[in-house]
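J.: got a predicted model here, sequence first, then my questions.
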Amino acid sequence: METPCAGILRAGVGRTDITPHGSCFLEGFAGRDRCAEGVHDRLMATALAISDGAHHAVVVSLDILDLTPELVGIIGRKIRTHYHIEPHQLLLNASHTHAGPMVWPRIHSGRLQDSRDLFPDERYNHILVESIVTAVGKAVGNIRPAFARWGCGRTDIGICRRAHDPSVYTGAPIGYLGLFANLPNPDKEVDRTCPVITFTETDGKPLAVVFGASCHPTTMGHDNYLVSAEYPGAARRIIEDNTGAAALFLQRMGGDVKPRRVAGEHAFRSGTFDDVEAVGEELARDVLRVIDGGLAPLDIRLKSAMRRFPVPLAEGWDESTYRSLLGEEHPPHRRAWAEWWLNRIASGIPLPRELDMTLSMLELSKDIRFLGVSGELLTDLGMKIRDCFPAGTTLPMGYTNGRTGYVPDSAVLREGGYEALEFIFFTPWMPAPWREDIDDTVLTAFRELARELEGNIPEFQ
(Lines give C-alpha, C1' and ligand atoms only; values in the text may rest on other atoms or scores of the structure.)
Protein backbone atom coordinates (compact mmCIF):
# COMPACT_ATOMS: atom_id res chain seq x y z
CA MET A 1 0.00 0.00 0.00
CA GLU A 2 1.15 3.52 -0.75
CA THR A 3 2.55 5.27 2.34
CA PRO A 4 1.12 8.80 2.59
CA CYS A 5 2.13 11.60 4.94
CA ALA A 6 1.85 10.73 8.62
CA GLY A 7 -1.29 11.94 10.36
CA ILE A 8 -3.40 12.19 7.20
CA LEU A 9 -6.25 9.73 6.84
CA ARG A 10 -6.58 8.07 3.48
CA ALA A 11 -9.25 5.59 2.44
CA GLY A 12 -10.33 3.68 -0.65
CA VAL A 13 -13.11 1.28 -1.62
CA GLY A 14 -13.15 -1.66 -4.01
CA ARG A 15 -15.88 -4.12 -4.92
CA THR A 16 -16.14 -7.34 -6.91
CA ASP A 17 -19.02 -9.66 -7.74
CA ILE A 18 -18.77 -13.08 -6.02
CA THR A 19 -22.10 -14.48 -7.21
CA PRO A 20 -21.85 -18.21 -8.05
CA HIS A 21 -23.69 -19.84 -10.90
CA GLY A 22 -27.35 -20.38 -10.16
CA SER A 23 -27.03 -24.16 -9.83
CA CYS A 24 -24.54 -24.22 -6.94
CA PHE A 25 -25.36 -25.93 -3.66
CA LEU A 26 -26.42 -23.40 -1.03
CA GLU A 27 -24.90 -23.55 2.45
CA GLY A 28 -26.41 -22.95 5.86
CA PHE A 29 -29.39 -25.32 6.13
CA ALA A 30 -29.00 -29.08 6.38
CA GLY A 31 -32.57 -29.58 5.16
CA ARG A 32 -31.84 -28.64 1.54
CA ASP A 33 -31.92 -31.60 -0.83
CA ARG A 34 -30.85 -30.09 -4.15
CA CYS A 35 -28.87 -27.30 -5.77
CA ALA A 36 -29.94 -23.70 -6.19
CA GLU A 37 -32.50 -22.91 -8.86
CA GLY A 38 -31.26 -19.45 -9.79
CA VAL A 39 -30.02 -16.09 -8.55
CA HIS A 40 -32.34 -13.62 -6.85
CA ASP A 41 -29.73 -10.93 -6.14
CA ARG A 42 -25.97 -10.63 -6.57
CA LEU A 43 -23.35 -11.38 -3.91
CA MET A 44 -20.51 -8.90 -3.39
CA ALA A 45 -17.09 -8.57 -1.80
CA THR A 46 -16.55 -4.95 -0.70
CA ALA A 47 -13.18 -3.84 0.64
CA LEU A 48 -12.29 -0.67 2.54
CA ALA A 49 -8.59 0.22 2.72
CA ILE A 50 -7.55 2.69 5.43
CA SER A 51 -4.21 4.34 6.21
CA ASP A 52 -3.27 6.86 8.89
CA GLY A 53 0.17 7.29 7.36
CA ALA A 54 1.97 5.00 9.81
CA HIS A 55 -0.35 2.00 9.78
CA HIS A 56 -2.72 0.38 7.31
CA ALA A 57 -5.79 -1.85 7.52
CA VAL A 58 -8.31 -3.41 5.16
CA VAL A 59 -11.85 -4.42 6.13
CA VAL A 60 -13.67 -6.73 3.70
CA SER A 61 -17.43 -7.33 3.84
CA LEU A 62 -18.50 -10.59 2.18
CA ASP A 63 -21.93 -11.83 1.11
CA ILE A 64 -21.18 -15.43 2.04
CA LEU A 65 -21.85 -17.84 4.90
CA ASP A 66 -18.21 -18.05 5.97
CA LEU A 67 -14.67 -18.89 4.88
CA THR A 68 -12.58 -21.95 5.71
CA PRO A 69 -9.25 -21.41 7.51
CA GLU A 70 -7.52 -22.66 4.37
CA LEU A 71 -9.21 -20.04 2.18
CA VAL A 72 -8.40 -17.32 4.72
CA GLY A 73 -4.74 -18.38 4.64
CA ILE A 74 -4.59 -18.30 0.83
CA ILE A 75 -6.27 -14.90 0.69
CA GLY A 76 -3.95 -13.49 3.34
CA ARG A 77 -0.81 -14.70 1.58
CA LYS A 78 -1.91 -13.30 -1.78
CA ILE A 79 -2.80 -9.91 -0.30
CA ARG A 80 0.52 -9.76 1.53
CA THR A 81 2.39 -10.57 -1.69
CA HIS A 82 0.51 -8.17 -3.95
CA TYR A 83 -0.30 -5.26 -1.63
CA HIS A 84 2.02 -5.59 1.40
CA ILE A 85 -0.93 -5.87 3.78
CA GLU A 86 -0.13 -8.25 6.63
CA PRO A 87 -2.74 -10.79 7.82
CA HIS A 88 -3.17 -8.95 11.12
CA GLN A 89 -4.15 -5.84 9.16
CA LEU A 90 -6.96 -7.69 7.36
CA LEU A 91 -10.51 -8.30 8.61
CA LEU A 92 -12.54 -10.65 6.41
CA ASN A 93 -16.09 -10.50 7.74
CA ALA A 94 -18.80 -12.78 6.34
CA SER A 95 -22.44 -11.70 6.50
CA HIS A 96 -23.39 -15.36 7.08
CA THR A 97 -26.13 -15.39 4.49
CA HIS A 98 -27.74 -18.82 4.29
CA ALA A 99 -28.41 -18.30 0.59
CA GLY A 100 -24.81 -18.33 -0.56
CA PRO A 101 -22.56 -21.05 -2.03
CA MET A 102 -21.11 -23.94 -0.06
CA VAL A 103 -17.37 -23.61 0.58
CA TRP A 104 -16.98 -26.41 3.19
CA PRO A 105 -17.32 -30.17 2.56
CA ARG A 106 -20.25 -31.96 4.19
CA ILE A 107 -19.92 -35.30 6.00
CA HIS A 108 -23.45 -36.63 5.59
CA SER A 109 -25.66 -36.89 2.55
CA GLY A 110 -28.93 -36.35 4.38
CA ARG A 111 -31.58 -35.72 1.73
CA LEU A 112 -29.13 -34.94 -1.05
CA GLN A 113 -30.07 -36.24 -4.47
CA ASP A 114 -26.45 -36.24 -5.70
CA SER A 115 -23.50 -37.26 -3.50
CA ARG A 116 -21.27 -34.84 -5.42
CA ASP A 117 -23.08 -32.07 -3.53
CA LEU A 118 -21.16 -33.15 -0.42
CA PHE A 119 -18.19 -31.20 -1.75
CA PRO A 120 -17.76 -27.52 -2.57
CA ASP A 121 -17.08 -26.37 -6.13
CA GLU A 122 -13.32 -25.87 -6.06
CA ARG A 123 -13.53 -23.73 -9.20
CA TYR A 124 -15.83 -21.36 -7.37
CA ASN A 125 -13.56 -21.31 -4.32
CA HIS A 126 -10.67 -20.31 -6.60
CA ILE A 127 -12.76 -17.55 -8.19
CA LEU A 128 -13.88 -16.40 -4.73
CA VAL A 129 -10.28 -16.06 -3.54
CA GLU A 130 -9.21 -14.13 -6.63
CA SER A 131 -12.28 -11.88 -6.44
CA ILE A 132 -11.59 -10.98 -2.81
CA VAL A 133 -7.96 -10.23 -3.61
CA THR A 134 -9.09 -8.09 -6.56
CA ALA A 135 -11.52 -6.14 -4.35
CA VAL A 136 -8.68 -5.39 -1.93
CA GLY A 137 -6.49 -4.33 -4.84
CA LYS A 138 -9.15 -1.93 -6.06
CA ALA A 139 -9.53 -0.45 -2.59
CA VAL A 140 -5.79 0.04 -2.21
CA GLY A 141 -5.57 1.50 -5.72
CA ASN A 142 -8.39 3.96 -5.00
CA ILE A 143 -6.96 5.24 -1.72
CA ARG A 144 -7.21 9.03 -1.29
CA PRO A 145 -7.36 11.68 1.46
CA ALA A 146 -10.53 11.31 3.50
CA PHE A 147 -12.44 12.24 6.62
CA ALA A 148 -14.10 9.74 8.97
CA ARG A 149 -17.08 10.22 11.26
CA TRP A 150 -18.98 7.79 13.40
CA GLY A 151 -21.95 7.20 15.65
CA CYS A 152 -23.80 4.39 17.34
CA GLY A 153 -27.53 3.78 17.25
CA ARG A 154 -29.94 0.94 17.89
CA THR A 155 -31.58 -1.69 15.72
CA ASP A 156 -34.35 -4.04 16.76
CA ILE A 157 -34.28 -6.37 13.75
CA GLY A 158 -33.24 -9.39 15.84
CA ILE A 159 -34.75 -11.63 18.50
CA CYS A 160 -33.07 -14.36 20.55
CA ARG A 161 -33.67 -17.78 19.01
CA ARG A 162 -32.79 -19.92 22.08
CA ALA A 163 -35.74 -20.94 24.24
CA HIS A 164 -36.33 -23.75 26.68
CA ASP A 165 -38.08 -26.76 25.15
CA PRO A 166 -36.87 -30.31 25.95
CA SER A 167 -39.16 -31.87 23.34
CA VAL A 168 -37.70 -30.32 20.22
CA TYR A 169 -34.93 -32.74 19.27
CA THR A 170 -35.84 -36.15 17.89
CA GLY A 171 -33.78 -39.17 18.77
CA ALA A 172 -32.21 -40.22 22.03
CA PRO A 173 -30.97 -37.42 24.30
CA ILE A 174 -27.24 -36.96 24.86
CA GLY A 175 -26.52 -35.70 28.34
CA TYR A 176 -27.85 -32.14 28.53
CA LEU A 177 -28.74 -31.99 24.82
CA GLY A 178 -32.25 -30.84 24.05
CA LEU A 179 -32.88 -28.39 26.85
CA PHE A 180 -32.88 -25.41 24.48
CA ALA A 181 -34.34 -25.13 21.01
CA ASN A 182 -34.46 -22.78 18.04
CA LEU A 183 -37.57 -20.89 19.18
CA PRO A 184 -38.38 -17.19 19.70
CA ASN A 185 -37.33 -15.86 23.10
CA PRO A 186 -38.27 -12.17 23.39
CA ASP A 187 -37.24 -12.09 27.06
CA LYS A 188 -33.57 -12.83 26.37
CA GLU A 189 -31.28 -9.84 25.86
CA VAL A 190 -29.50 -9.55 22.51
CA ASP A 191 -27.07 -6.98 21.15
CA ARG A 192 -28.98 -4.13 19.49
CA THR A 193 -26.01 -1.87 18.80
CA CYS A 194 -26.04 -0.32 15.33
CA PRO A 195 -22.57 1.15 14.69
CA VAL A 196 -22.09 3.49 11.73
CA ILE A 197 -18.80 4.84 10.34
CA THR A 198 -18.75 7.09 7.29
CA PHE A 199 -15.82 8.02 5.07
CA THR A 200 -15.90 11.01 2.75
CA GLU A 201 -13.37 12.56 0.46
CA THR A 202 -11.95 15.89 1.58
CA ASP A 203 -14.39 17.73 -0.69
CA GLY A 204 -17.31 15.96 1.02
CA LYS A 205 -17.96 13.38 -1.70
CA PRO A 206 -19.33 10.17 -0.10
CA LEU A 207 -16.88 7.29 -0.07
CA ALA A 208 -18.06 4.53 2.27
CA VAL A 209 -20.55 3.67 5.01
CA VAL A 210 -19.61 0.87 7.40
CA PHE A 211 -22.54 -0.47 9.43
CA GLY A 212 -23.27 -3.56 11.47
CA ALA A 213 -25.88 -5.65 13.25
CA SER A 214 -26.09 -8.82 15.31
CA CYS A 215 -28.57 -11.09 13.55
CA HIS A 216 -28.50 -14.27 11.46
CA PRO A 217 -29.43 -13.63 7.81
CA THR A 218 -32.04 -16.40 8.00
CA THR A 219 -35.22 -14.52 7.21
CA MET A 220 -35.88 -17.34 4.74
CA GLY A 221 -35.57 -21.01 5.57
CA HIS A 222 -34.24 -24.12 3.87
CA ASP A 223 -37.07 -23.97 1.34
CA ASN A 224 -35.36 -21.06 -0.42
CA TYR A 225 -33.32 -22.25 -3.43
CA LEU A 226 -32.26 -18.87 -4.85
CA VAL A 227 -28.86 -17.23 -4.32
CA SER A 228 -29.25 -14.08 -2.22
CA ALA A 229 -27.32 -11.70 0.01
CA GLU A 230 -30.43 -11.78 2.26
CA TYR A 231 -31.29 -8.78 4.47
CA PRO A 232 -27.69 -7.37 4.61
CA GLY A 233 -27.78 -7.01 0.82
CA ALA A 234 -31.17 -5.30 0.90
CA ALA A 235 -29.99 -2.89 3.62
CA ARG A 236 -26.79 -2.14 1.72
CA ARG A 237 -28.68 -1.30 -1.46
CA ILE A 238 -31.03 1.11 0.34
CA ILE A 239 -28.16 2.82 2.18
CA GLU A 240 -26.20 3.24 -1.03
CA ASP A 241 -29.22 4.68 -2.82
CA ASN A 242 -29.66 7.24 -0.03
CA THR A 243 -26.03 8.20 0.58
CA GLY A 244 -24.18 7.65 -2.70
CA ALA A 245 -21.46 5.81 -0.77
CA ALA A 246 -20.39 2.17 -0.96
CA ALA A 247 -21.86 0.34 2.03
CA LEU A 248 -20.14 -2.44 3.98
CA PHE A 249 -22.17 -4.66 6.32
CA LEU A 250 -20.38 -6.23 9.30
CA GLN A 251 -21.96 -9.23 11.02
CA ARG A 252 -21.43 -9.12 14.76
CA MET A 253 -22.58 -11.36 17.65
CA GLY A 254 -25.60 -12.94 15.96
CA GLY A 255 -25.00 -16.64 16.65
CA ASP A 256 -28.20 -16.93 18.72
CA VAL A 257 -30.23 -14.18 17.03
CA LYS A 258 -32.76 -14.44 14.19
CA PRO A 259 -34.83 -11.79 12.36
CA ARG A 260 -37.75 -10.68 14.53
CA ARG A 261 -39.86 -10.33 11.39
CA VAL A 262 -40.37 -14.12 11.12
CA ALA A 263 -40.93 -14.82 14.82
CA GLY A 264 -44.37 -16.07 15.80
CA GLU A 265 -45.65 -16.54 19.30
CA HIS A 266 -44.36 -20.11 19.54
CA ALA A 267 -42.14 -20.70 16.50
CA PHE A 268 -40.33 -19.12 13.57
CA ARG A 269 -41.80 -19.24 10.09
CA SER A 270 -39.87 -19.41 6.85
CA GLY A 271 -39.99 -15.93 5.34
CA THR A 272 -40.20 -14.65 1.79
CA PHE A 273 -38.18 -12.18 -0.22
CA ASP A 274 -40.74 -9.56 0.83
CA ASP A 275 -39.75 -10.30 4.41
CA VAL A 276 -36.07 -10.04 3.49
CA GLU A 277 -36.71 -6.63 1.97
CA ALA A 278 -38.62 -5.51 5.07
CA VAL A 279 -35.81 -6.54 7.45
CA GLY A 280 -33.22 -4.84 5.23
CA GLU A 281 -35.31 -1.69 5.03
CA GLU A 282 -35.69 -1.57 8.81
CA LEU A 283 -31.94 -1.90 9.33
CA ALA A 284 -31.23 0.69 6.63
CA ARG A 285 -33.60 3.15 8.32
CA ASP A 286 -31.78 2.59 11.61
CA VAL A 287 -28.44 3.33 9.93
CA LEU A 288 -29.73 6.43 8.13
CA ARG A 289 -31.24 7.68 11.41
CA VAL A 290 -27.78 7.56 13.00
CA ILE A 291 -26.30 9.48 10.06
CA ASP A 292 -29.07 12.07 10.05
CA GLY A 293 -28.68 12.58 13.79
CA GLY A 294 -25.10 13.77 13.32
CA LEU A 295 -21.82 11.90 13.52
CA ALA A 296 -18.73 12.69 15.57
CA PRO A 297 -15.34 13.21 13.87
CA LEU A 298 -13.17 10.09 14.11
CA ASP A 299 -9.46 10.66 14.53
CA ILE A 300 -8.17 7.40 13.11
CA ARG A 301 -4.95 6.02 14.59
CA LEU A 302 -4.70 2.38 13.51
CA LYS A 303 -3.40 -0.53 15.55
CA SER A 304 -3.98 -4.20 14.76
CA ALA A 305 -3.14 -7.65 16.04
CA MET A 306 -4.19 -11.20 15.20
CA ARG A 307 -3.32 -14.66 16.45
CA ARG A 308 -4.64 -18.20 16.35
CA PHE A 309 -5.28 -19.47 19.88
CA PRO A 310 -5.87 -23.12 20.84
CA VAL A 311 -9.28 -23.62 22.46
CA PRO A 312 -9.71 -26.92 24.36
CA LEU A 313 -12.49 -29.39 23.55
CA ALA A 314 -14.52 -31.27 26.15
CA GLU A 315 -12.91 -34.39 27.55
CA GLY A 316 -14.44 -37.86 27.50
CA TRP A 317 -15.45 -37.98 23.83
CA ASP A 318 -13.81 -41.09 22.42
CA GLU A 319 -14.44 -44.26 20.41
CA SER A 320 -17.06 -45.52 22.85
CA THR A 321 -18.93 -42.22 22.59
CA TYR A 322 -19.06 -42.42 18.81
CA ARG A 323 -20.18 -46.07 18.85
CA SER A 324 -23.02 -45.14 21.20
CA LEU A 325 -24.29 -42.71 18.54
CA LEU A 326 -24.63 -45.38 15.84
CA GLY A 327 -27.94 -46.72 17.15
CA GLU A 328 -31.21 -46.29 15.26
CA GLU A 329 -32.52 -44.15 18.10
CA HIS A 330 -30.22 -41.38 16.84
CA PRO A 331 -30.99 -39.32 13.72
CA PRO A 332 -28.94 -39.91 10.54
CA HIS A 333 -26.74 -36.83 10.87
CA ARG A 334 -25.43 -37.98 14.26
CA ARG A 335 -24.77 -41.50 12.98
CA ALA A 336 -22.91 -40.17 9.93
CA TRP A 337 -20.82 -37.91 12.15
CA ALA A 338 -19.96 -40.79 14.49
CA GLU A 339 -18.93 -42.96 11.54
CA TRP A 340 -16.69 -40.15 10.30
CA TRP A 341 -14.71 -40.08 13.53
CA LEU A 342 -14.64 -43.86 13.90
CA ASN A 343 -13.15 -44.09 10.40
CA ARG A 344 -10.51 -41.57 11.34
CA ILE A 345 -9.63 -43.50 14.48
CA ALA A 346 -9.41 -46.72 12.43
CA SER A 347 -7.05 -44.93 10.01
CA GLY A 348 -4.74 -44.04 12.88
CA ILE A 349 -5.54 -40.33 12.79
CA PRO A 350 -5.39 -38.89 16.33
CA LEU A 351 -8.42 -36.98 17.55
CA PRO A 352 -7.78 -33.25 18.11
CA ARG A 353 -8.16 -32.19 21.72
CA GLU A 354 -8.23 -28.50 20.87
CA LEU A 355 -9.02 -26.32 17.87
CA ASP A 356 -7.38 -23.11 16.81
CA MET A 357 -9.57 -20.02 16.86
CA THR A 358 -8.43 -16.85 15.12
CA LEU A 359 -8.93 -13.71 17.21
CA SER A 360 -8.32 -10.26 15.76
CA MET A 361 -8.18 -6.71 17.09
CA LEU A 362 -8.38 -3.60 14.95
CA GLU A 363 -8.35 -0.32 16.85
CA LEU A 364 -9.51 2.54 14.67
CA SER A 365 -8.94 5.16 17.36
CA LYS A 366 -9.10 5.54 21.12
CA ASP A 367 -12.88 5.74 20.68
CA ILE A 368 -13.67 2.60 18.71
CA ARG A 369 -12.26 -0.87 18.09
CA PHE A 370 -13.27 -4.08 16.28
CA LEU A 371 -12.67 -7.47 17.92
CA GLY A 372 -12.92 -10.37 15.48
CA VAL A 373 -13.72 -13.99 16.34
CA SER A 374 -13.49 -16.79 13.77
CA GLY A 375 -16.76 -18.36 14.82
CA GLU A 376 -20.46 -17.81 15.33
CA LEU A 377 -20.20 -15.58 18.37
CA LEU A 378 -23.20 -15.81 20.71
CA THR A 379 -24.61 -12.83 22.59
CA ASP A 380 -23.49 -13.60 26.14
CA LEU A 381 -19.83 -14.25 25.32
CA GLY A 382 -19.80 -11.27 22.94
CA MET A 383 -21.04 -9.01 25.71
CA LYS A 384 -18.44 -10.38 28.11
CA ILE A 385 -15.73 -9.53 25.58
CA ARG A 386 -17.22 -6.06 25.06
CA ASP A 387 -17.52 -5.32 28.77
CA CYS A 388 -13.85 -6.11 29.40
CA PHE A 389 -12.87 -2.84 27.70
CA PRO A 390 -14.18 0.00 29.89
CA ALA A 391 -13.21 2.92 27.65
CA GLY A 392 -14.49 3.77 24.20
CA THR A 393 -16.74 1.56 22.07
CA THR A 394 -15.81 -2.09 21.57
CA LEU A 395 -17.56 -4.00 18.78
CA PRO A 396 -17.08 -7.80 18.92
CA MET A 397 -17.64 -9.44 15.53
CA GLY A 398 -18.07 -13.11 14.77
CA TYR A 399 -17.62 -14.66 11.32
CA THR A 400 -14.27 -12.86 10.98
CA ASN A 401 -11.20 -14.41 9.34
CA GLY A 402 -12.78 -17.87 9.18
CA ARG A 403 -15.18 -19.96 11.23
CA THR A 404 -14.59 -22.72 13.77
CA GLY A 405 -18.24 -23.22 14.75
CA TYR A 406 -20.55 -21.67 17.30
CA VAL A 407 -18.73 -19.82 20.10
CA PRO A 408 -20.94 -19.78 23.22
CA ASP A 409 -20.03 -18.99 26.79
CA SER A 410 -19.83 -21.56 29.58
CA ALA A 411 -23.45 -20.96 30.66
CA VAL A 412 -24.77 -21.90 27.21
CA LEU A 413 -22.53 -24.98 27.17
CA ARG A 414 -24.14 -26.07 30.43
CA GLU A 415 -27.65 -25.33 29.11
CA GLY A 416 -27.19 -27.38 25.96
CA GLY A 417 -29.09 -27.10 22.71
CA TYR A 418 -28.02 -26.54 19.13
CA GLU A 419 -25.39 -23.84 19.67
CA ALA A 420 -23.80 -25.77 22.53
CA LEU A 421 -23.67 -29.29 21.14
CA GLU A 422 -25.94 -30.34 18.28
CA PHE A 423 -24.12 -28.20 15.72
CA ILE A 424 -20.94 -30.28 16.02
CA PHE A 425 -22.72 -33.22 14.36
CA PHE A 426 -22.70 -31.23 11.13
CA THR A 427 -18.95 -30.52 11.19
CA PRO A 428 -16.01 -32.68 10.02
CA TRP A 429 -13.58 -30.86 12.33
CA MET A 430 -15.12 -30.97 15.86
CA PRO A 431 -14.93 -34.41 17.54
CA ALA A 432 -16.37 -32.91 20.75
CA PRO A 433 -18.00 -29.71 22.01
CA TRP A 434 -15.97 -26.92 23.58
CA ARG A 435 -14.71 -27.30 27.13
CA GLU A 436 -16.72 -25.31 29.65
CA ASP A 437 -13.88 -22.92 30.50
CA ILE A 438 -14.13 -21.36 27.03
CA ASP A 439 -14.85 -17.95 28.60
CA ASP A 440 -11.47 -17.88 30.34
CA THR A 441 -9.69 -19.09 27.21
CA VAL A 442 -11.17 -16.47 24.89
CA LEU A 443 -10.99 -13.53 27.30
CA THR A 444 -7.40 -14.36 28.24
CA ALA A 445 -6.50 -14.54 24.56
CA PHE A 446 -7.94 -11.07 23.95
CA ARG A 447 -5.94 -9.85 26.94
CA GLU A 448 -2.78 -11.09 25.22
CA LEU A 449 -3.76 -9.38 21.97
CA ALA A 450 -4.36 -6.14 23.84
CA ARG A 451 -0.84 -6.31 25.23
CA GLU A 452 0.50 -6.67 21.70
CA LEU A 453 -0.96 -3.29 20.86
CA GLU A 454 1.50 -1.65 23.28
CA GLY A 455 -0.95 0.23 25.40
CA ASN A 456 -3.04 1.63 22.55
CA ILE A 457 -6.11 -0.17 23.89
CA PRO A 458 -7.38 0.68 27.41
CA GLU A 459 -6.52 -1.67 30.23
CA PHE A 460 -8.28 -5.01 29.97
CA GLN A 461 -10.30 -5.72 33.11
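T.: Perfect, thanks for sending it.
J.: where does the prediction get shaky in this structure?
T.: Counting by pLDDT under 70, the chain shows low-confidence ranges at 1-7, 108-117, 165-179, 454-461.
J.: nearest the middle, which residue of it would you pick?
T.: Y399 (2.1 Å; CA atoms, centre = their mean).
J.: how much space between the closest residue to that residue other than its chain neighbours and L67?
T.: Excluding the flanking residues, the one nearest Y399 by CB to CB, 6 or more residues apart in numbering is A94, at 4.4 Å. (Each C-beta comes from the backbone N, C-alpha and C, glycine too.) The spacing between A94 and L67, counted by CB to CB, to the nearest Å, is 6 Å.
J.: these two: who's more crowded?
T.: Higher neighbour count among A94 and L67: L67, with 27 against 24, using other CB atoms under 10 Å.
J.: spell out the secondary structure type for that one.
T.: Per DSSP: H, G, I helix; E, B strand; the rest coil, the local secondary structure of L67 is coil.
J.: correct me, but it touches V103?
T.: Yes - under the criterion of CB atoms under 8 Å, L67 makes contact with V103 at 6.6 Å.
J.: quick check: which element contains F199?
T.: strand 193-201 (DSSP states H and E).
J.: hmm, who's touching that strand?
T.: For strand 193-201, contacts defined as CB atoms under 8 Å, 6 or more residues apart in numbering pick out 11, 13, 48, 50, 144-155, 206-214, 243, 245, 250, 252, 283, 286-287, 290-291, 295, 298, 364, 368, 393, 395.
J.: so the residue nearest to Y399 makes contact with D66?
T.: Yes - using CB under 8 Å, A94 is in contact with D66, at 4.8 Å.
J.: now the strands: where do they sit in the stretch 251-400 of the chain?
T.: Ranges of strands in the stretch 251-400 of the chain, per DSSP state E, counting those that start in this stretch, are 257-259, 296-297, 303-312, 354-363, 368-373, 376-377, 393-397.
J.: adding distance to N343 and mean neighbour count as columns, could you present these in a markdown table?
T.: Shown next, in a markdown table, are the strands of the stretch 251-400 of the chain (distance: least, CB to CB, whole Å; neighbours: other CB atoms under 10 Å):
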| stretch | distance to N343 | mean neighbour count |
| --- | --- | --- |
| strand 257-259 | 35 | 26 |
| strand 296-297 | 57 | 12 |
| strand 303-312 | 24 | 19 |
| strand 354-363 | 19 | 22 |
| strand 368-373 | 31 | 25 |
| strand 376-377 | 27 | 27 |
| strand 393-397 | 36 | 23 |
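J.: in CSV: those, plus distance to S228.
T.: Shown next, in CSV, are the strands of the stretch 251-400 of the chain (distance: least, CB to CB, whole Å):
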stretch, distance to S228
strand 257-259, 14
strand 296-297, 34
strand 303-312, 30
strand 354-363, 27
strand 368-373, 25
strand 376-377, 20
strand 393-397, 22
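J.: for I385, find the nearest of the ones you listed.
T.: strand 393-397 (4.7 Å; CB to CB).
J.: name the strands paired with the closest one and say parallel or antiparallel.
T.: Based on DSSP bridges, the pairing partners of strand 393-397 within the sheet are strand 368-373 (parallel).
J.: could you check how far the partner strand is from the centre of its chain?
T.: 12 Å (CA atoms, centre = their mean, to the nearest Å).
J.: same question for stretch 358-368.
T.: With CA atoms, centre = their mean, you get 16 Å for stretch 358-368.
J.: related to what we said a few turns ago, between A94 and L67, which contacts overlap?
T.: R403.
J.: circling back: overlap in contacts, A94 and D66.
T.: Common neighbours of A94 and D66 (CB under 8 Å, 6+ apart) are 399, 403.
J.: thought R435 was touching P312?
T.: Yes - using CB under 8 Å, R435 is in contact with P312, at 4.3 Å.
J.: any common contacting residues for these two?
T.: With CB under 8 Å, 6+ apart as the test, R435 and P312 both reach T441.
J.: what's the burial count for T198?
T.: 24.
J.: beta partners of it?
T.: Bridge pairing for T198 - DSSP bridges - gives R149, V209.
J.: ok, it to V140 distance?
T.: 20 Å.
J.: one more: L449?
T.: Taken as CB to CB, the span from L449 to V140 is 25 Å.
J.: cool, and S61?
T.: 16 Å.
J.: same check on L92?
T.: Taking CB to CB, one finds L92 at 15 Å from V140.
J.: shouldn't V210 be in contact with A245?
T.: No - at 9.7 Å, V210 does not count as touching A245 under the criterion of CB under 8 Å.
J.: for the stretch 51-200 of the chain, what spans make up the helices?
T.: 69-83, 122-141 (DSSP state H, counting those that start in this stretch).
J.: tell me which residues of the shortest one are tucked away?
T.: Which is helix 69-83. 69, 71-72, 74-76, 78-79, 83 (16 or more other CB atoms under 10 Å).
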